[in-house]
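Enquirer: fold the following and give me the result.
(4 chains)
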2 protein chains.
Amino acid sequence: MNTVKPIANTLFTLMQSYRVTIRKAINANELGLNAMHVRCLHIIAGNKGCTANDIVNQTQRDKAQIARLVKELIGLNLIDKRASEEDKRSYILSFTVQGNELFNKLLNAEQQVNELMCQNLTPQQIQAFSNVASIMSQNMQV
Amino acid sequence: MNTVKPIANTLFTLMQSYRVTIRKAINANELGLNAMHVRCLHIIAGNKGCTANDIVNQTQRDKAQIARLVKELIGLNLIDKRASEEDKRSYILSFTVQGNELFNKLLNAEQQVNELMCQNLTPQQIQAFSNVASIMSQNMQV
DNA sequence: TCATTTGGTTGATAAAATCAACTATATCAA
DNA sequence: TTGATATAGTTGATTTTATCAACCAAATGA
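Expert: Residues are numbered from 1 along each chain as shown, chains lettered A, B, ... in the order given. Model prediction:
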């Protein structure tokens, strides 16, 4: 045997644990969103003048899926879209007041999960972990 | 801002990259299985006298989901189930000859993905990564 | 200016995950 | 020993996510 299976397996387990835990945290906070909604909100929060396409690129998901997630977020009154000036095919996504509020609650919930997840780990370990994960992702790009 | 979003985000990205890459590798090898099938096979390979319940416990998935995956693997003639002697409610899962063959091909494909994924990383980094991931998973158990 | 590419939407469908109910066997405590 | 409770596994129904293909309108570029 080699390290192949362990890494993939470890990753799956970690993701599953994360999914379950964050779901609980989110439910507990009655925010009514799923993991992909949350990712979208983060990307919108992190990119000035964010478009649906930015989300597609940053998540590597199907654009149909993103279009629907964005639609739902608009339906939930968490974000708005307005026509882009530069490119008339695009729409700029931004938070509504409620979206902003909710996003803050969300950051809080995540903060809690994060603290739970990072117990017994030093900042150096966490940093190294993130670095390796990024490198791995990059290695698989192409 | 703190490290909350980055870690979750990094993890999502990594998993998505992995999913996409392993799927390509598996398709390329014409094995016709998905990620959960593969996980099941690994668990069967790794546990002597493996039962469906072992898979449920190790993956944290719904038992209905596992029951169906197992059924499919049996349908594909990759595994067999036989009644357990100790517990008449259980069935022991094991590879068929074809299952064994395929599992070897699979290990090969994974080996390739693994090499790709671990480029530019030292064994120490990889080891540390796995350790941290395990600790994180454990932190979220309960 | 015409062909090609890109951002976004939608319909259809497939794949994955979850919930609830149920059977049969096991286990445990009175 | 028996009766209550828990466990392993199966199945049906449903929901959630993900993917594919076709399409429109605007942008790009030879």
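Enquirer: spatially, what comes nearest to residue A:81 if we skip its sequence neighbours?
Expert: In space, and not counting its chain neighbours, residue A:81 is closest to residue A:91: 4.0 Å by CB to CB, 6 or more residues apart in numbering or on different chains. In short, each C-beta sits where N, CA and C put it, glycine included.
Enquirer: quick check: beta-bridge partners of the one you found?
Expert: residue A:83 (DSSP bridges).
Enquirer: low-confidence ranges, chain A, go.
Expert: A:1-6, A:27-32, A:142 (pLDDT under 70).
Enquirer: what about the helices in it?
Expert: With DSSP state H as the criterion, chain A has helices at A:4-28, A:35-46, A:52-59, A:63-75, A:97-117, A:123-140.
Enquirer: close to DNA strand C, is the second one?
Expert: No: interface with DNA strand C: helix A:35-46 contributes nothing (CB under 7 Å from any atom of the strand), its closest point being 10.3 Å away.
Enquirer: list the contacts of that helix.
Expert: Contact partners of helix A:35-46, identified using CB atoms under 8 Å, 6 or more residues apart in numbering or on different chains, comprise A:19, A:22-23, A:26, A:33, A:50, A:54-55, A:58-59, A:61, A:65-66, A:69-70, A:72-73, A:78-79, A:93-95, A:99, A:102-103, A:106, B:5, B:9, B:12.
Enquirer: of those, list those near DNA strand C.
Expert: Answer for the contacts of helix A:35-46 near DNA strand C (CB under 7 Å from any atom of the strand): A:19, A:54, A:70.
Enquirer: could you measure from the residue sitting nearest the centre point of chain A over to DNA strand D?
Expert: In chain A, the residue lying closest to the centroid (CA atoms, centre = their mean) is residue A:39, at 2.2 Å. As for residue A:39, its distance to DNA strand D is 9 Å (criterion: CB to the nearest atom of the strand, to the nearest Å).
Enquirer: how about the residues of chain A by DNA strand C?
Expert: A:19, A:51-54, A:56, A:63-64, A:67-68, A:70-71, A:81, A:84, A:87, A:89-91.
Enquirer: apply 6 Å and report the result again.
Expert: Residues of chain A lying close to DNA strand C by CB under 6 Å from any atom of the strand are A:51, A:52, A:53, A:63, A:64, A:67, A:68, A:70, A:71, A:89, A:90, A:91.
Enquirer: thought the last one was touching residue A:85?
Expert: No: using CB atoms under 8 Å, residue A:91 makes no contact with residue A:85, being 11.1 Å away.
Enquirer: just to revisit the earlier point, top of the ones next to DNA strand C among the contacts of helix A:35-46 by neighbour count?
Expert: Highest neighbour count within those, by other CB atoms under 10 Å in any protein chain shown: residue A:70, with 20 neighbours.
Enquirer: looks like it contacts residue A:51 (just checking).
Expert: No: the criterion here is CB under 8 Å, and residue A:70 misses it with residue A:51 at 9.6 Å.
Enquirer: who touches both of these two?
Expert: Common neighbours of residue A:70 and residue A:51, counting by CB under 8 Å, 6+ apart, are residue A:93.
Enquirer: need the contact list for residue A:22.
Expert: Contacts for residue A:22 (CB under 8 Å, 6+ apart) come out as A:35, A:38, A:109, A:110, A:113, B:8.
Enquirer: so what's residue A:117 up against?
Expert: Neighbouring residues of residue A:117 by CB under 8 Å, 6+ apart: A:18, A:21, B:7, B:136, B:139, B:140.
Enquirer: mind checking which of the residues you listed are buried?
Expert: Among the contacts of residue A:117, those buried by neighbour count (16 or more other CB atoms under 10 Å in any protein chain shown) are A:18, A:21, B:7, B:136, B:139, B:140.
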